[in-house]
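**Student:** output the structure for:
(2 chains)
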Amino acid sequence: MRLRLTKEKLRRVAKIIVLSLAIGAVLGYFTFYMTMPSVVVPQTVNPSMVLAGIVIFLLGLVAGALSEDLESMTIEMLLGIIIGVFIGWLVFVSPAANPDIIIPDAGGYIYNIIHSSLPLLFLAIVALFIGGFIGTMFMDSLYAKDTTSPFAKAVSEREDEQHNQ
Amino acid sequence: MRIDSRRIRLIRILLWIALASVVFSFVGLSVMSAFNYYDVAYAKLSVRANADLVVEASGIGMDGVVLNTTTFWFNVTVNVTNPSHREMRLQYLKYQCWLEDYESEDIYSGPDRYFRSMFVEDQGYAAESGVVGAESRRTFSVSWQLNSQTNRLDFDITQRMLNYALLNSTQHLRWDQVFWNHFFVFQLIIPGVPTEYFGPNSGYLIDLPVVRLYQGVNLDA
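**Tutor:** Residues are numbered from 1 along each chain as shown, chains lettered A, B, ... in the order given. Just a heads-up that it's a prediction; the model follows:
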């Protein structure tokens, strides 16, 4: 019993980590997109907040549907935002991989990333939360309709009893 | 609608595939952006340019005073070395100059005597022929002349400097008593990469190559 619980916990933690990384990878691109739109691929002059918002909302929808529950989704969202800022910063200082390119105070540029993408990060919190909530509710409704699950069976039996009465 | 767990499993698998596709796409875009960014940053840092200015004067009075017949000839030569894989283009050449009249004034004597002027070279020049290819060198030459008949808008402010000299010639302003300062800015751009002059990241690696040259010329020397 204890082993099963541990396995379940591990599975839950692993899922949170994977989904956080997935959210972070997409958000990382968008933080760099907002910070350096002139060199991002595909290149743009004016970064589109609407496009970023739609993609992040859809991401939240999928991540929410794959999450265990709303609590996990909230943790994944917050971790994902932190990972996203970190990935954006990593791309921002990536030219330093060449020893000829020296970036003084590379750590200080985390401020630039946050400063440039602050509106996006606020939008991401809202879009991920709404998307995640809808996704989680969608999967819960599917589970409730699952004829083979004990939960659905119990609901169905209770409905039958009420009907008979 | 009734659903069984097989369908739910299928939906979950499809969602995982969708998520993986989105993540791989954006990781790919991030990696491509990083490479593109590195390329631009390297191009910016590796470009080298040096400039040389020659100023010649003719028709100066015997006592070194600027006359109505005086003509100044300017010739700027810019050598650009671009070792990067990116093509560059000279966006503009800005020339700024000012006089320091040591004999009749000092730095505290006010704006009527301490003189500052500027003009920007015709941008059409750079757009037509100002390309520096990848891994190549290029020399640009810009020439112009200045005299009392010069009446081009671009050179108007420089004309003011001549007028200043002419005005002061009645007070026997000699060119060997004047120091003529020249300052150039060569703004290079990488075609297709918008230049970010302002914003929170201006001043970072992405700022495009600007080469500055300060050269003081004493015409009498």
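**Student:** would you verify that B:Leu67 is located in a strand?
**Tutor:** No. The assignment for B:Leu67, made by DSSP: H, G, I helix; E, B strand; the rest coil, is coil rather than a strand.
**Student:** surely it and B:Ala57 touch.
**Tutor:** No. Here B:Leu67 does not reach B:Ala57: they are 10.5 Å apart, not a contact under Cβ atoms under 8 Å. Placement of C-beta: from N, CA and C, glycine included.
**Student:** so who does residue 82 touch?
**Tutor:** I'll assume chain A. With contact set as Cβ atoms under 8 Å, 6 or more residues apart in numbering or on different chains, A:Ile82 has these partners: A:Gly24.
**Student:** sorry, I should have been clearer: chain B.
**Tutor:** Contacts of B:Asn82 (Cβ under 8 Å, 6+ apart): B:43, B:46-47, B:88, B:132-138.
**Student:** got the phi and psi for it?
**Tutor:** phi -120, psi 100 (degrees, to the nearest 10).
**Student:** just B:Ile60 next, same as before
**Tutor:** phi -80, psi 140.
**Student:** so how far is chain A from the nearest residue to it once chain neighbours are set aside?
**Tutor:** Among residues not flanking B:Ile60 along the chain, B:Thr70 sits closest, at 5.4 Å (Cβ to Cβ, 6 or more residues apart in numbering or on different chains). Relative to chain A, B:Thr70 is positioned 46 Å away (Cβ to the nearest Cβ, to the nearest Å).
**Student:** tell me, how many neighbours does B:Thr70 end up with?
**Tutor:** 20 (other Cβ atoms under 10 Å in any protein chain shown).
**Student:** so which helix or strand takes in residue 17?
**Tutor:** Since no chain was named, I'll use chain A. Under the criterion of DSSP states H and E, A:Ile17 resides in helix A:2-35.
**Student:** my bad, the chain I had in mind was chain B
**Tutor:** helix B:5-46.
**Student:** next helix or strand past that helix?
**Tutor:** strand B:48-58.
**Student:** just checking: what are the partner strands of that following strand?
**Tutor:** strand B:71-82 (antiparallel) (DSSP bridges).
**Student:** can you name every helix or strand that the longest helix along chain A contacts?
**Tutor:** In chain A, assigned by DSSP state H, the helix with the most residues is helix A:110-145. When contacts are defined as 3 or more Cβ pairs under 8 Å, 6 or more residues apart in numbering or on different chains; DSSP states H and E, helix A:110-145 packs onto helix A:2-35, helix A:49-66, helix A:70-92, helix A:150-164, helix B:5-46.
**Student:** go again with 6 Å.
**Tutor:** helix A:2-35, helix A:49-66, helix A:70-92 (3 or more Cβ pairs under 6 Å, 6 or more residues apart in numbering or on different chains; DSSP states H and E).
**Student:** between that helix and helix A:2-35, how many degrees?
**Tutor:** With axes from the mean of the first three to the mean of the last three Cα atoms, to 10 degrees as the basis, helix A:110-145 and helix A:2-35 are set at 130 degrees to each other.
**Student:** chain center to helix A:110-145: distance?
**Tutor:** 6 Å (Cα atoms, centre = their mean, to the nearest Å).
**Student:** now it: buried residues?
**Tutor:** A:112-114, A:116-117, A:120-121, A:123-124, A:127-129, A:131-133, A:135-136, A:139, A:142, A:145 (16 or more other Cβ atoms under 10 Å in any protein chain shown).
**Student:** for it, what is the average pLDDT?
**Tutor:** In this model, helix A:110-145 has an average pLDDT of 90.
**Student:** please apply the same query to stretch B:86-96.
**Tutor:** Mean predicted confidence for stretch B:86-96 is 74.
**Student:** which of the contacts of B:Asn82 has the largest number of neighbours?
**Tutor:** B:Met88 (26 neighbours).
**Student:** and that one, how far is that from B:Gln187?
**Tutor:** Distance from B:Met88 to B:Gln187, counting by Cβ to Cβ, to the nearest Å: 10 Å.
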